[in-house]
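Peer 1: 3D, please:
(one chain, ligands or ions: 1)
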Amino acid sequence: MNWEPLADYDALSDRAADILLSAIRRNPRIVLGLPTGRTPVRMYERVVAACSREYHCFRDVVTFNLDEYVGIPSTHPGSYCTFMSEHLFSHVDMAKSNAHIPNGMARDPDAECARYEREIASAGGLDLTFLGLGSNGHIGFNEPGTPFDSRTRVVALTESTRAANAPLFPDGNVPSHAITMGIGTILESKSIVLLASGDKKRAAIERLRSGEIAEEFPASALWKHRDVTVLTA
Ligand code: GLP
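Peer 2: Here you go, the predicted structure:
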């Protein structure tokens with residue numbers, strides 16, 4: 001695990017954007033795993049700014065988001081679909097058909113999860129996946145106790161995760177379930193970059209740094225992968 005402590009959130013965002021853009025330059029057809037949440041917002045800002053100079057950077061890129069809420073229409077302001085469109089997709093030259101997000105409104109959510117896994121496989125697998133970190137150590141929506149070999153599936157969100165994400169649902173209807181890539185799915189990405197910034201993540205980062213590997217702490221699965229970079233600020 002390669003640890004890169006950065007001076008502050010801006011420096012972390014610059015570094016993350018640089019990793020993402022360099023990877024696209026090396027492989028314009030790269031398959032990316034992408035996160036939502038507050039942490040990657042400035043990384044996306046930086047990427048969008050760079051792409052307005054280098055316009056064609058996303059033309060052949062394929063993306064798979066880590067997760068989406070169940071029962072929230074894609075047009076809802078709190079959906080991850082809306083998040084991705086606002087922060088990245090509507091600002092870059094990305095083909096809509098190349099941007100994948102689990103469909104949280106699917107009539108058969110289990111079939112949707114299986115379909116998502118097949119889409120990732122038929123794209124050739126994830127090359128580079130960016131992750132945020134929950135303060136309880138979750139990655140994607142893989143909450144403590146998730147088996148490390150888990151695949152894309154429907155999960156119930158913990159109360160602490162629902163509370164953390166409540167600001168996006170001011171009407172109080174915070175979703176109770178989500179579709180998330182599994183830890184096993186994430187670990188198959190060739191490279192992984194974890195972003196963690198701020199006091200709320202400090203305890204989780206220290207626990208990760210301790211080297212303990214336990215399903216009670218989902219991010220610790222990353223110790224099983226041979227190409228992980230952790231950016232902290
Ligand atoms: C959410 C997302 C995760 C994200 C985490 C941290 O629950 N499903 O993918 O990494 O929260 O979010 P933030 O960056 O806002 O702290």
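Peer 1: For stretch 180-187, give me every contacting residue.
Peer 2: For stretch 180-187, contacts defined as CB atoms under 8 Å, 6 or more residues apart in numbering pick out 33, 64, 66-67, 102, 116-117, 120, 126, 129, 131, 139-142, 146-153, 155, 192, 218, 221-222, 224-225. Heads up, the C-betas are built off the backbone N, CA and C, glycines and all.
Peer 1: Identify the residues contacting residue 41.
Peer 2: Counted by CB under 8 Å, 6+ apart, residue 41 has contacts residue 87.
Peer 1: same check, this time on the one 5 residues further on
Peer 2: Residues in contact with residue 46, defined by CB under 8 Å, 6+ apart, are 13, 14, 16, 17.
Peer 1: Who wins on neighbours among those residues?
Peer 2: Neighbour counts for the contacts of residue 46 (other CB atoms under 10 Å) peak at residue 16, which has 26 neighbours.
Peer 1: and that residue, what pLDDT?
Peer 2: Predicted confidence (pLDDT) for residue 16: 98.
Peer 1: now the least confident helix or strand in the chain by mean pLDDT, how far from the centre of its chain.
Peer 2: Least confident helix or strand of the chain, by mean pLDDT, DSSP states H and E, is helix 159-165 with a mean of 89. Taking CA atoms, centre = their mean, to the nearest Å, one finds the center of helix 159-165 at 17 Å from the center of the full chain.
Peer 1: Around the ligand, pick out the residues from this protein.
Peer 2: 35-39, 66-67, 132-134, 140-141, 161, 165 (CB under 6 Å from any ligand atom).
Peer 1: any chance of these in a markdown table, plus neighbour count and secondary structure?
Peer 2: Formatted as a markdown table, the residues of the chain next to the ligand follow (neighbours: other CB atoms under 10 Å; DSSP: H, G, I helix; E, B strand; the rest coil):
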| residue | neighbour count | secondary structure |
| --- | --- | --- |
| 35 | 24 | coil |
| 36 | 24 | coil |
| 37 | 17 | coil |
| 38 | 15 | coil |
| 39 | 24 | coil |
| 66 | 27 | coil |
| 67 | 23 | strand |
| 132 | 19 | coil |
| 133 | 25 | coil |
| 134 | 25 | coil |
| 140 | 28 | coil |
| 141 | 26 | coil |
| 161 | 19 | helix |
| 165 | 20 | helix |
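Peer 1: want to throw these into JSON lines with distance to residue 203?
Peer 2: As requested, those are arranged in JSON lines below (distance: CB to CB, whole Å):
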{"residue": "35", "distance to residue 203": "20"}
{"residue": "36", "distance to residue 203": "22"}
{"residue": "37", "distance to residue 203": "17"}
{"residue": "38", "distance to residue 203": "17"}
{"residue": "39", "distance to residue 203": "16"}
{"residue": "66", "distance to residue 203": "22"}
{"residue": "67", "distance to residue 203": "22"}
{"residue": "132", "distance to residue 203": "15"}
{"residue": "133", "distance to residue 203": "11"}
{"residue": "134", "distance to residue 203": "11"}
{"residue": "140", "distance to residue 203": "20"}
{"residue": "141", "distance to residue 203": "20"}
{"residue": "161", "distance to residue 203": "16"}
{"residue": "165", "distance to residue 203": "19"}
